[in-house]
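In: pasting the sequence and the predicted model now:
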Amino acid sequence: MPEALPVPVVDAHTHLDACGASTATDVAVLLDRAEAAGVSHVVTVADDLAAARWAAEASTWDPRVYAAVAVHPTRTASFGDAEKSELERLAVLPRVVAIGETGLDYYWDYSPPAAQHEAFRWHIDLSKRVGKPLMIHDRDAHEDILKILDSEGAPSTVVFHCFSGDADFARRCVDAGYVLSFAGPVTFKNARALREAAQLVPQDQLLVETDAPFLTPHPFRGRPNEPYCVNYTVRDLATVRGEDLSELCAAVTRTAQRVFGFDH
């Protein structure tokens, strides 16, 4: 376990179910480990309806857990009225703090682009209707993501989960008022473009996340990830950005509180 952070931070995007949690006891074990490392709260994120139901329920088991609900773009080939109705029901629950993850994924071919576009537009509308931030999955789809946000009218708060663009794309997102969340890949020494992007994001538009159990940060790349590992990511970000660790931790926590509307 790493030394605890000097100021607690929020893991803005994780998948507790994929980390192996199924019960309240499982969740408590993961969160106790995270809290010991200085990670006070997490947002556990859905990628299909079953995960959305579980995330919403898990957020009621432990005060350190909040939820986000959506259908992942790779699962939108059969996205229809039943899925929409269930997400609308879950989205208004008080501990569901975001609509996500939604967006576009051109790396995998599980869902046709047209279906992804239609589902993304629907999630944008849901985000606006319920007044909760939109959490975006963007894989190899930078330009189309921005085009659809522009054409539909972006919600008041947009979070780019696991931001993967270069400095130019980061500037465009920052100028549009979007929030950029950085995961383990920003700690990879060969991720020069991503590390350059992380340097220019204002603190009030910056979040940190694990996307656990995926994208484990250096020095444990390739091993299973957990919320406590955001400790390594925020430490590396402080170095990359040339900022005091305590100051950066406090800043990303304030951003999380504002973005997700909770006061811890």
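Out: Okay, I see it.

In: any idea how far residue 92 lies from residue 119?
Out: Distance, residue 92 to residue 119, by Cβ to Cβ, to the nearest Å: 19 Å. (Each C-beta comes from the backbone N, C-alpha and C, glycine too.)

In: could you check which of the two has the larger neighbour count?
Out: Neighbour count, other Cβ atoms under 10 Å: between residue 92 and residue 119, residue 119 has more, with 25 against 12.

In: what's around residue 189, how many residues?
Out: Quick note: residue 189 (other Cβ under 10 Å) scores 8 neighbours.

In: so it: helix, strand or coil?
Out: Using DSSP: H, G, I helix; E, B strand; the rest coil, the structure places residue 189 in coil.

In: gap between it and residue 3?
Out: For residue 189, the distance to residue 3 equals 21 Å [Cβ to Cβ].

In: and what of residue 76?
Out: Applying Cβ to Cβ, the value for residue 76 to residue 3 is 42 Å.

In: who has more neighbours out of those two?
Out: A count of neighbours by other Cβ under 10 Å puts residue 76 above the other of residue 76 and residue 3, at 27 against 10.

In: the more buried one against residue 122, yeah?
Out: No: with contact defined as Cβ atoms under 8 Å, residue 76 does not reach residue 122; the gap is 9.2 Å.

In: residues of stretch 199-213 that come out buried?
Out: Buried residues in stretch 199-213, counted by 16 or more other Cβ atoms under 10 Å: 201, 205, 206, 207, 208, 209, 210, 211, 212, 213.

In: so what strands line up beside the longest strand seen in the chain?
Out: When the chain is parsed with DSSP state E, its longest strand is strand 96-105. Strand pairing for strand 96-105, using DSSP bridges, gives strand 65-69 (parallel), strand 134-139 (parallel).

In: next structured bit after the shortest one?
Out: So that's strand 65-69. helix 81-91 (DSSP states H and E).

In: figure out how far that following helix is from the centre of its chain.
Out: Distance, stretch centre to chain centre, for helix 81-91: 20 Å (Cα atoms, centre = their mean, to the nearest Å).

In: run a quick neighbour tally on residue 10.
Out: Close neighbours of residue 10, defined as other Cβ under 10 Å, add up to 28.

In: confirm that it lies within a helix, as I assumed.
Out: No: Residue 10: not assigned to a helix; according to three-state DSSP it is strand.

In: quick one: it and residue 256 touch, right?
Out: Yes: contact criterion Cβ under 8 Å: residue 10 and residue 256 qualify, at 3.8 Å.

In: what sits in contact with each of the two?
Out: Taking Cβ atoms under 8 Å, 6 or more residues apart in numbering as the criterion, residue 10 and residue 256 both touch 41, 207.

In: restricting to C-alpha, output stretch 122-130 in CSV.
Out: The C-alpha coordinates for stretch 122-130 follow below in CSV (Å, rounded to 0.1, in the frame of the first residue of the first chain):
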residue,chain,number,x,y,z
TRP,A,122,-29.9,10.2,-26.1
HIS,A,123,-27.6,10.1,-23.1
ILE,A,124,-26.7,13.8,-23.7
ASP,A,125,-30.4,14.6,-23.6
LEU,A,126,-30.9,12.5,-20.4
SER,A,127,-28.0,14.3,-18.7
LYS,A,128,-29.7,17.7,-19.5
ARG,A,129,-33.1,16.5,-18.4
VAL,A,130,-31.9,15.2,-15.0
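
In: so which bits of that stretch are buried?
Out: 122, 123, 124, 126, 127, 128, 130.

In: part of a helix, is residue 41?
Out: No: read with three-state DSSP, residue 41 is strand and lies in no helix.

In: and it, what are its bridge partners?
Out: With DSSP bridges as the rule, residue 41 is bridged to residue 10.
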